[in-house]
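Novice: sequence unknown, structure follows:
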Ligand SMILES: Nc1ncnc2c1ncn2[C@@H]1O[C@H](COP(=O)(O)OP(=O)(O)OP(=O)(O)O)[C@@H](O)[C@H]1O
Ligand SMILES: Nc1nc2c(ncn2[C@@H]2O[C@H](COP(=O)(O)O)[C@@H](O)[C@H]2O)c(=O)[nH]1
C-alpha cells in the first residue's frame, strides 16, 4: 500500500530575499500547509512572539536538543543557532498533512539528505543590489550583521542548483502564485504516481 504521508516543502534562500514575507502571504491563501516553527538562540525582534515566530531558547538548551537528536536539521547562522523540531515535522507528515519549512541554505541541504522526497524551493532576489536594499531597509540588523548576511548570501546563491525550483521574488503576489503552482503540481504528480502504483498492483493480481 502506498503511504499517504504529507509533502515536505522547504523554502530557502539568502537573508533578506523575502522568505518570511512571502511565506506569510502564502499562508493567508494556502490554509492546508502546516508551518513548522523553528527554534533559535537569536533574541526576539520587536513584535516577535515566542511560539509564533520562533521558539526562543538559550544556547545550552539548543545544544541539549542537538545532542538528543531533537532537531531534524540545525545550523549556526551569523552567530546564532537555528533548527527545526524533528517531532513536529515527522508527526504532521505521518498524519498526511503537508509541512512547510522556511530555513537557510545549510539547513535545507541537511533536510535534503534525510528527506530527498521533499520539495526544495530557492527564493531568488531580482538582483544583489535589491537584496542589500531589502536587508538594510528592514532595519533589523547592525551594519556588521548586514555585511555578514550579504557574505553568506553570495555562498548561498551558489547552492541554488541543489534545489528543485527557483522562484524569483520580484513582486510578493507573483512569488506567492509561483509557489502555489508548485504546491498544486507536486500534489498532482503524487496523485498520478499513486494511481499508477494502484494500477500496477491490480494488473499484478489479475
Ligand atoms: N517582493 C518584495 N519586494 C519588495 N520588498 C520585499 C519583497 N519581499 C520582501 N520584501 C522586504 O524585504 C525585507 C526582507 O524580507 P524578509 O524579512 O521577509 O526576508 P527573509 O528572507 O525572511 O530574511 P531573513 O532570512 O534575514 O529572515 C523586508 O523589509 C520585506 O518587507
Ligand atoms: N537552518 C535553519 N535556518 C532557519 C531556521 N529558521 C529560520 N532559519 C533561517 O535563519 C536565517 C536568519 O533568520 P532571522 O529570523 O534571524 O532573520 C533566515 O535565513 C531564516 O530563514 C531553521 O529552523 N533552520
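Specialist: Structure's in. What do you need? The structure displayed is predicted, hence computed values, not measured ones. Residues are numbered from 1 along each chain as shown. Ligands and ions are numbered 1, 2, ... in the order given.
Novice: Could I get the full set of helices for this protein?
Specialist: Secondary structure of the chain (DSSP state H): helices at 19-29, 59-67, 86-94, 105-114, 128-138, 143-158, 172-205.
Novice: out of those, which comes closest to residue 46?
Specialist: The closest of the helices of the chain to residue 46 is helix 128-138. By Cβ to Cβ, the value is 11.6 Å. Using the backbone N, CA and C atoms, a C-beta is placed for each residue, glycine as well.
Novice: Can you name every helix or strand that that closest one contacts?
Specialist: Other helices and strands packing on helix 128-138, by 3 or more Cβ pairs under 8 Å, 6 or more residues apart in numbering; DSSP states H and E, are helix 143-158.
Novice: Kindly recompute the last result at 10 Å.
Specialist: Using 3 or more Cβ pairs under 10 Å, 6 or more residues apart in numbering; DSSP states H and E, the elements in contact with helix 128-138 are helix 19-29, helix 143-158.
Novice: So is it next to ligand 1?
Specialist: Yes. For helix 128-138, a contact with ligand 1 is found by Cβ under 6 Å from any ligand atom, at 134, 137-138.
Novice: For the chain, what lies in contact range of ligand 1?
Specialist: Residues of the chain lying near ligand 1 by Cβ under 6 Å from any ligand atom: 15-21, 134, 137-138, 169, 171-172.
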